[in-house]
Every structure is written in C-alpha cells, then in structure tokens.
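Undergrad: sequence isn't available, so here's the structure alone:
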C-alpha cells in the first residue's frame with residue numbers, strides 16, 4: 001500500500017481547522033464543567049488530595065487506566081511501532097509488565113500504609129524530616145520528567161491538527177495546554193482530576209478500539225495482511241517484524257530501557273497516589289482488576305495501530321509531519337476517516353494529555369504541600385506556651401494550589417525545550433528516575449525491617465543523582481541532531497537510558513546506608529507498618545509519628 005503524499009496530508013489537515021478547534025473547545029468545555037461540579041465538595045485536605053476517598057473500584061480502575069495510559073502510550077508507542085516495528089512494541093510490553101509488577105508487589109501495601117502521598121509510606125517508621133524531604137524531591141523530579149513528555153506531545157499533536165510547523169507556534173500550543181492544566185487542578189483537585197481521567201479512559205479506549213477494528217476491516221480482518229502491508233511500505237522490509245532495528249546496535253541500551261520500563265511503574269508517585277482515592281482495601285483490589293483488563297487490552301491494540309500506521313501512512317510521511325514520530329496515530333485516523341476522524345482522535349489524544357498532566361501536577365503539588373510544607377517546614381514549630389503547632393489543613397491546601405502554578409510554569413518551559421523528542425522515550429526516562437530513586441526505598445521500607453533512615457536517604461538521593469547525571473551525559477541531552485540541546489556535545493555516556501547503572505546503584509546505596517548506620521529504628525513502628533500494610537487496619541488514620 002502506498003503512503004499518503006505529504007502535500008495531500010497537509011491539504012486534508014487544512015480542510016477543517018474550524019471543525020478541529022471546535023472539537024477541542026467542546027471537550028475543554030465539557031471537562032471544565034465536570035471539574036467545576038466535582039469541586040463543589042472540596043472542603044478538606046482529604047477531598048483535595050484523595051477525592052474524599054469516595055470512588056468505587058470500577059471508577060478508580062478507569063481512573064488508573066486514564067492516569068497510566070498517557071500520550072506516550074497512544075502517540076509515542078504507535079509512532080515507535082510504525083517506524084521501528086518490533087522494537088517499538090517493546091514499549092507496550094514493558095509498560096504492561098511494569099504495571100503487573102507494581103500491582104502485585106507494592107500497590108495495595110502502599111495504599112494500606114499511607115494517607116495521601118508516597119512519602120507517608122517511606123517515612124512511616126523512619127525519621128520524618130529527611131525521608132519526607134528526599135521523597136518529595138524525587139516525586140517532583142519524576143513528575144517533571146513525565147510532564148516534559150506530555151507537554152511535548154501536546155505541542156506536536158495540536159500543531160499537526162492545525163498545520164503549525166514553526167517552533168514558536170508549537171511553543172504557544174504547549175503554553176495553552178499548561179494553562180488549562182493549571183485551571184483543572186486549581187479548581188477540581190483530585191476529585192475533578194479523577195473524573196477527567198475516567199472520561200478520558202472511556203474516550204481513549206473507545207477511540208483506539210474503533211480505529212483497530214477499522215484497520216483490520218480494510219485488511220480482511222487479518223492481522224497477517226496488516227503486517228505484510230507494513231513490510232511492503234517500509235524501507236527496512238521484513239526487519240520491522242524482528243528485534244534489533246532500533247536497539248540491535250547496542251543491546252545494553254535495550255537492557256537499560258527494559259529495566260527502566262519494568263521496574264519504573266512501581267515507583268511512579270502519581271500512579272500510586274490513585275489508590276488513596278478508594279475507601280477500603282477491597283475497593284483497591286477491585287480497581288486493580290479493572291485496570292489490568294483495560295490497560296492490557298489497550299496495549300494489545302497498539303500493535304495493530306502501529307503496524308497499521310506503517311502500512312497505510314508510511315514512516316517517511318510520519319517523520320516529516322509536524323510532531324514527527326508522535327503523529328502516527330493522528331495521521332492513521334486521517335487516512336481512515338478523513339478530517340472528521342482526525343479531529344475526533346486528536347481530541348481524544350488531547351484529553352489523554354490533559355488528564356495525565358493534571359494527575360501529575362496534583363501529585364507533585366500534594367507532595368510539596370503535604371510532605372515539605374506540613375511535615376518539614378511546619379513540623380516542630382511551637383507557640384508562645386511551648387506547645388507544638390499543628391499545620392493547618394486549609395493552609396496546606398493553599399500551599400498546594402500555589403505549587404500547582406509554579407509546577408505548571410516549569411512544565412511549560414520544559415515542554416518547549418523537549419519539542420521533537422519521542423514522548424514514549426521521554427517517559428522511559430521518567431520511569432528510569434522512578435525506578436532508581438523511589439523503587440529501592442519502597443521495597444526496602446515494605447519488606448526489610450532493618451531498613452534505616454540513612455539507607456532511605458542515600459538510596460533516594462543516590463538513585464536520583466546518578467540517573468540525572470547519566471541523562472545529562474547521554475546522547476539524549478546533547479551531541480546529536482535529535483538531542484534536547486543539539487548545539488553542544490558533552491555526551492560521554494554511550495547509553496540513552498541510565499537504568500542499567502542507576503537502578504542497581506539505588507538498591508546498593510539503600511543496603512549500604514542501612515548496614516553502616518548506627519541509628520536503630522523503632523521495632524514497634526516496623527511491626528505496626530507490617531500489620532497495616534498487610535491488613536489495611538488503621539489505613540484511614542493520619543500518619544503522624
């Protein structure tokens with residue numbers, strides 16, 4: 001099958017800009033209405049951070065899917081499969097397996113032990129201030145990397161839809177998305193964000209299912225025919241069906257990427273925070289079951305869409321379009337259903353980005369306000385009579401709202417700098433930071449009674465620092481035309497993903513810090529944490545030791 005000529009694509013893209021913008025505005029209006037309605041019950045910190053723990057298992061399952069299935073899952077993976085074939089599908093496999101690891105290993109235990117944030121769990125039986133500060137900093141770092149990917153995806157997507165090629169135009173689009181994100185989180189908190197994620201999950205999975213059936217229908221409902229067409233339309237031929245096209249030159253890079261994908265999800269604070277929005281451990285388990293089916297089914301569909309885009313659109317057209325490799329799914333929609341389907345699918349992708357950035361932003365804001373402000377800055381303050389001053393929950397929420405604005409501005413600036421990068425790959429960097437900085441401390445805290453404050457702090461700062469340093473020294477950051485800063489070359493680390501070094505280093509530092517520490521942690525708190533994590537007893541109570 002022949003690919004669409006670029007000129008034809010551009011003509012089709014320019015047919016209905018008013019229609020495209022109308023779909024976006026309609027989606028924004030509907031979701032803002034939902035957010036405003038949901039925000040009417042935001043009276044306490046628990047309402048703002050955890051949606052009042054009022055969501056059922058199925059609702060939270062859809063919200064988890066909405067939070068986890070990011071722009072990388074839809075735009076980035078479809079593009080990666082369309083261009084790199086089998087090696088692109090490795091992202092789907094990695095994300096899905098990672099989700100199962102997170103659910104089976106840490107999700108329910110984290111939910112039972114914590115209150116609002118990941119740091120509640122990590123500091124439960126350790127020294128509060130240093131551990132909360134470290135956990136908050138790693139949370140902010142992971143959220144920032146993830147936000148970069150989503151914002152870059154937003155710029156490429158809307159630019160494709162409106163035919164904007166210039167960097168300035170895409171930067172304006174990213175700024176608009178950032179402002180919308182700030183509004184969603186400021187108004188709706190976790191409750192509004194959750195409803196946006198539920199709506200987005202319905203739209204995304206429904207839209208992908210329709211496109212998948214459409215691709216299969218025009219190929220006689222034969223996936224083999226889709227693959228044959230993709231091979232015929234690819235410059236690499238049958239190489240797109242076998243491993244090695246992207247990572248064959250350096251298998252160590254693939255191993256590093258695989259470690260980051262599989263282990264990263266269990267350390268993603270915005271995914272773990274979703275489990276605090278249900279009232280009981282039973283509902284948490286129900287939400288897990290729903291999420292597994294939704295997420296697993298979605299990633300299987302990306303295989304059809306990716307190869308379908310390669311067959312019907314072609315890698316050359318995808319790479320030349322505004323948004324580059326991230327344009328595969330929208331261009332496939334254009335090829336299948338013209339400007340109408342393009343507008344609808346792009347609106348779904350836009351919904352995906354808005355929902356995920358809102359979830360990331362409220363997680364980062366909650367971490368700063370709850371962990372740094374309430375439990376580090378305010379902790380230990382005393383009044384004139386020498387009595388401890390408890391942090392005011394209303395003041396805590398006010399701090400969270402201000403933090404949302406700061407994070408939004410930083411995300412806009414970072415997204416502008418990350419334009420042109422494959423967003424699935426940018427998310428893989430966030431996964432590497434999460435697996436290096438958070439996962440070792442989470443597992444040690446949950447399963448190793450001897451784990452100490454020094455081990456936690458060394459693990460988090462060491463894992464974060466090594467991952468960040470290796471990213472800066474890698475070809476992702478500089479030294480090639482596709483780097484974030486192509487004008488300089490400080491790339492002395494050969495691998496694109498730091499996981500193969502930074503993840504084991506995080507575990508090693510956690511162990512080393514513990515065995516060299518003279519401080520003995522409370523065995524009573526360790527026992528209490530074990531009982532709470534396994535049974536959920538007392539999970540609704542405040543964590544305050």
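TA: Thanks, I have the structure now. Quantities reported herein were computed from a predicted structural model and do not represent experimental measurements.
Undergrad: C-alpha only now, for contacts and for neighbours.
TA: Noted.
Undergrad: ok, now how distant is the nearest residue to residue 131 once chain neighbours are set aside from residue 376?
TA: Once flanking residues are discounted, residue 131 sits nearest to residue 123: 5.6 Å by CA to CA, 6 or more residues apart in numbering. Note on residue 123: its distance to residue 376, by CA to CA, to the nearest Å, is 12 Å.
Undergrad: now the residue nearest to residue 131: phi and psi?
TA: Main-chain dihedrals, residue 123, degrees, to the nearest 10: phi -100, psi 0.
Undergrad: residues contacting the residue positioned nearest the centre of the chain?
TA: Note on the chain: the residue nearest the mean C-alpha position is residue 146, at 5.2 Å, using CA atoms, centre = their mean. Residue 146 sits next to 360, 426, 427, 430 when contact means CA atoms under 8 Å, 6 or more residues apart in numbering.
Undergrad: just checking, the third one touches residue 145?
TA: Yep, that's residue 427 we're talking about. Yes: the pair residue 427 / residue 145 is scored as a contact, 7.0 Å apart, by CA atoms under 8 Å.
Undergrad: give me the more crowded residue out of these two.
TA: Between residue 427 and residue 145, counted using other CA atoms under 10 Å, the more crowded position is residue 427 (26 against 21).
Undergrad: give the contact list for the more buried one.
TA: Going by CA under 8 Å, 6+ apart, the list of residues near residue 427 reads 72, 145, 146, 149.
Undergrad: name the element the third one belongs to?
TA: Looking back up the chat, that one is residue 146. helix 128-162 (DSSP states H and E).
Undergrad: and that helix, how far out from the chain middle?
TA: Mean-position distance between helix 128-162 and its chain equals 8 Å (CA atoms, centre = their mean, to the nearest Å).
Undergrad: pLDDT weak spots in the stretch 101-250 of the chain?
TA: 114-116, 160-165 (pLDDT under 70).
Undergrad: which residues in it form helices?
TA: Counting by DSSP state H, counting those that start in this stretch, the stretch 101-250 of the chain has helices at residues 108-113, 118-122, 128-162, 167-217, 223-232.
Undergrad: would CSV of these with distance to residue 311 be doable?
TA: Listed next are the helices of the stretch 101-250 of the chain as CSV, based on distance: least, CA to CA, whole Å:
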stretch, distance to residue 311
helix 108-113, 42
helix 118-122, 43
helix 128-162, 20
helix 167-217, 10
helix 223-232, 4
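Undergrad: tell me which of these sits nearest to residue 367.
TA: Ranking the helices of the stretch 101-250 of the chain by proximity to residue 367 (CA to CA) places helix 128-162 first, at 5.4 Å.
Undergrad: now do that closest one against helix 167-217, angle only.
TA: 80 degrees (axes from the mean of the first three to the mean of the last three CA atoms, to 10 degrees).
Undergrad: same question for helix 128-162: list its buried residues.
TA: Buried positions in helix 128-162, judged by neighbour count with 16 or more other CA atoms under 10 Å: 128-162.
Undergrad: how about stretch 352-366?
TA: Quick answer for stretch 352-366 (16+ other CA under 10 Å): 352-366.
Undergrad: likewise stretch 198-216?
TA: Buried residues in stretch 198-216 (16+ other CA under 10 Å): 198-205, 207-209, 211-212, 214-216.
Undergrad: what's the most distant pair in the residues you listed?
TA: 198 and 216, at 27.2 Å, using CA to CA across the buried residues of stretch 198-216.
Undergrad: adding distance to residue 98, write the contacts of residue 427 out as JSON lines.
TA: Shown next, in JSON lines, are those (distance: CA to CA, whole Å):
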{"residue": "72", "distance to residue 98": "15"}
{"residue": "145", "distance to residue 98": "18"}
{"residue": "146", "distance to residue 98": "16"}
{"residue": "149", "distance to residue 98": "19"}
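Undergrad: ok, of the residues you listed, which one's closest to residue 510?
TA: residue 145 (23.2 Å).
Undergrad: and for residue 515, the neighbour number?
TA: Residue 515: 14 neighbours (other CA under 10 Å).
Undergrad: where's it relative to residue 452, distance?
TA: 8 Å.
Undergrad: again, but for residue 418
TA: Using CA to CA, we find residue 418 at a distance of 38 Å from residue 452.
Undergrad: looking at those two, which one has more neighbours?
TA: Neighbour count, other CA under 10 Å: between residue 418 and residue 452, residue 452 has more, with 27 against 23.
Undergrad: now the more buried one, what are its backbone angles?
TA: Torsion angles, degrees, to the nearest 10, at residue 452: phi -120, psi 170.
Undergrad: let me know the helix or strand that the nearest residue to it once chain neighbours are set aside is in.
TA: Nearest-residue entry for residue 452: residue 514, 5.1 Å, with adjacent residues in sequence omitted and distances by CA to CA, 6+ apart. Taking DSSP H and E as the definition, residue 514 sits inside helix 499-515.
Undergrad: roughly how far is that helix from the heart of the chain?
TA: 24 Å.
Undergrad: what's that helix packed up against?
TA: Applying 3 or more CA pairs under 8 Å, 6 or more residues apart in numbering; DSSP states H and E, we find helix 499-515 packed against helix 251-264, helix 423-437, helix 439-447, helix 453-472.
Undergrad: return the set of buried residues in the first one.
TA: Spelled out, it's helix 251-264. Those would be 252, 253, 254, 256, 257, 258, 259, 260, 261, 262, 263, 264, for helix 251-264 by 16+ other CA under 10 Å.
Undergrad: okay, now the residue nearest to residue 240 when sequence neighbours are not counted: neighbour count?
TA: With CA to CA, 6+ apart as the criterion, residue 240 has its nearest non-adjacent residue at 4.3 Å, and that residue is residue 85. Applying the criterion other CA under 10 Å, we find 30 residues in the vicinity of residue 85.
Undergrad: same question, residue 292
TA: If we define neighbours as other CA under 10 Å, then residue 292 has 19 of them.
Undergrad: can you give me the pLDDT of it?
TA: With respect to pLDDT, residue 292 scores 85.
Undergrad: distance check, residue 226 against residue 358.
TA: Taking CA to CA, one finds residue 226 at 36 Å from residue 358.
Undergrad: does residue 481 fall in a helix, a strand, or a coil region?
TA: Per DSSP: H, G, I helix; E, B strand; the rest coil, the local secondary structure of residue 481 is coil.
Undergrad: residue contacts, it?
TA: Not one residue lies near residue 481 by CA under 8 Å, 6+ apart.
Undergrad: please redo it, this time with the cut-off set to 10 Å
TA: 475, 487 (CA atoms under 10 Å, 6 or more residues apart in numbering).
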